[in-house]
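Enquirer: this one's sequence-less:
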Ligand code: ADP
């Protein structure tokens, strides 16, 4: 007995379909053969009967000798010829044996009715299977009798039984072959499935280093490679998560250490107002840094849950970029980096000015962070078409390798976690830009510099600009 499951389902379905098909074909075949056998015997008898009828019609002999001649001329081998009265009483028979009996089978009344009577059944007394064919004939021009041929069907039936047995044997052989094949087919599906299930169970237990080995075809191949891909992605995002936790802990620790150190120092007292001012200033700056970090994480989680609400308005891009540069000026100054703004036209977009500023601040902040001292960063804005504009941040910093370029927009990804930051900046920027129906594109060459292009829709409705 096959265990419950797909293998059994496949085998059972195959066997059932082939069994029904075989049953139908063999039944139709055997019925056709039987009909053919029976019809050919019937047609042989009816042909003989027509000739006998014509002979009787045109013969001018007396009825007694006519009947004798009929027996001589129209006798069929292995067939009994009988002459009956219209009531079915046997007058004479080719066997010579004339039982005093009346034929009551349906062929006689059919013949008396004017047609050719045909009856197939078991003969009373002998219990032999026979076919009887009867027809009315006129003998001696005025006497009407029934001419009846009775032939045994035992031989034909025996042939039919042999044929049936042969068909059953062929059917069993075909079913056995199908059984073997369907087992093979079921195994070719079920075995890989079992392997895939076992490996995915291991993955479900957290063993993401396991992989589905071997080559599978078609849908099974796709399933195996999808599961392997899923495991790789889980490993990758776990790695990113671990990196994030370690970098965020580092990022939180540095300002906290500084805050703690200065607060302890100030609590111990005895410092002049200048020193106290310096300490409090550091505490305030580091607290701002911590707030910024926490806000970035909160923003990201809002974006992830589609909960970021935009307060939309008409935004003057030039004003927004000027504000951005003002915010970052001090940081750039420390590395003697020149910040240049190229924006000749007045460009408006519809959006949330604060969120868009957050995007540009992040991009320029990255540019400053990854540029060498005494370099320049260009911030430019220009129309692209009647409906779009591009804001470009270009630096000549360390650049990003092609392999990393595809991943820098992934959340928590950082080429080097020692650079500070969370790896969330570009992920957040991209999502904010997309919320504004725009696009964020990155071009970079390692060692040469990076260019980030933000494409935003133009707003050309004649309204008064609304800016922060
Ligand atoms: P963060 O700046 O907090 O690390 P981002 O998502 O803004 O996170 O940037 C992800 C990574 O992309 C950075 O860590 C850095 O490796 C790389 N990157 C981003 N902008 C630049 C740039 N202008 N030049 C070189 N590398 C960059």
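Expert: That came through, no problem. The model shown is predicted, which means the values in this text are computed figures rather than measured ones.

Enquirer: Grab the nearest non-local neighbour of residue 171.
Expert: residue 22 (4.7 Å; CB to CB, 6 or more residues apart in numbering). Heads up, the C-betas are built off the backbone N, CA and C, glycines and all.

Enquirer: Which other helices and strands does the helix or strand hosting the one you found contact?
Expert: Assignment of secondary structure by DSSP states H and E places residue 22 within helix 6-58. Other elements packing on helix 6-58 under the criterion 3 or more CB pairs under 8 Å, 6 or more residues apart in numbering; DSSP states H and E are helix 63-73, strand 129-139, strand 143-152, helix 154-204.

Enquirer: name the helices or strands packed onto the last one?
Expert: Read it as helix 154-204. helix 6-58, helix 218-268.

Enquirer: With respect to residue 209, which of the ones you listed lies nearest?
Expert: When the helices and strands packed on helix 154-204 are ranked by proximity to residue 209, the top entry is helix 218-268, at 7.3 Å, counting by CB to CB.

Enquirer: just the angle between the closest one and helix 154-204, please?
Expert: Angle, helix 218-268 to helix 154-204, by axes from the mean of the first three to the mean of the last three CA atoms, to 10 degrees: 10 degrees.

Enquirer: quick one: average pLDDT of helix 218-268?
Expert: Helix 218-268 comes out with an average pLDDT of 89.

Enquirer: Is any residue of it near the ligand?
Expert: No. Contact of helix 218-268 with the ligand is not found when judged by CB under 6 Å from any ligand atom; the minimum separation is 8.0 Å.

Enquirer: What are the buried residues along whatever helix or strand comes next after that helix?
Expert: Counting by DSSP H and E, the element after helix 218-268 in chain order, helix or strand, is helix 273-304. Applying a neighbour-count criterion of 16 or more other CB atoms under 10 Å, the buried positions in helix 273-304 are 279, 282-283, 286, 289-290, 293, 296, 299-300, 303.

Enquirer: got it, and stretch 25-41?
Expert: Buried residues in stretch 25-41, defined by neighbour count with 16+ other CB under 10 Å: 26, 33-34, 37-38, 41.

Enquirer: ok, back up a step: quick one: the residue nearest to residue 171 and residue 172 touch, right?
Expert: No. Using CB atoms under 8 Å, residue 22 is not in contact with residue 172, being 9.3 Å away.

Enquirer: neighbour-wise, which of the two wins?
Expert: Neighbours per residue, other CB atoms under 10 Å: of residue 22 and residue 172, the larger number sits with residue 22, 18 against 11.

Enquirer: Ok, which of the helices and strands packed on helix 6-58 comes nearest the ligand?
Expert: helix 154-204 (29.3 Å; CB to the nearest ligand atom).

Enquirer: Return the distance of that closest one from the chain's centre.
Expert: Helix 154-204 sits 27 Å away from the centroid of its parent chain (CA atoms, centre = their mean, to the nearest Å).

Enquirer: mean confidence for stretch 452-467?
Expert: Per-residue pLDDT over stretch 452-467 has a mean of 78.

Enquirer: Same check on stretch 29-45?
Expert: The predicted model assigns stretch 29-45 a mean pLDDT of 97.

Enquirer: Quick one: residues contacting the residue of the stretch 1-150 of the chain found nearest the ligand.
Expert: Distances between the stretch 1-150 of the chain and the ligand by CB to the nearest ligand atom are smallest at residue 6, namely 47.2 Å. Taking CB atoms under 8 Å, 6 or more residues apart in numbering as the criterion, residue 6 is in contact with 186, 189-190, 193.

Enquirer: nearest to residue 388, of the residues you listed?
Expert: residue 193 (50.4 Å).

Enquirer: Show me which residues of the stretch 251-400 of the chain are close to the ligand?
Expert: The stretch 251-400 of the chain comes close to the ligand at residues 362, 366-367, 370, 395, 397-400, as judged by CB under 6 Å from any ligand atom.

Enquirer: give me that answer again for 8 Å
Expert: Within the stretch 251-400 of the chain, the residues that sit near the ligand (CB under 8 Å from any ligand atom) are 296, 362-363, 365-367, 369-371, 393, 395, 397-400.

Enquirer: quick one, phi psi at residue 212?
Expert: Geometry field for residue 212 lists phi and psi as phi -80, psi 120, criterion degrees, to the nearest 10.

Enquirer: Wait, it touches residue 196, no?
Expert: Yes. The criterion here is CB under 8 Å, and residue 212 meets it with residue 196 at 5.6 Å.

Enquirer: between the two, what contacts are shared?
Expert: Here residue 212 and residue 196 share the contacting residues 224, 227, scored by CB under 8 Å, 6+ apart.
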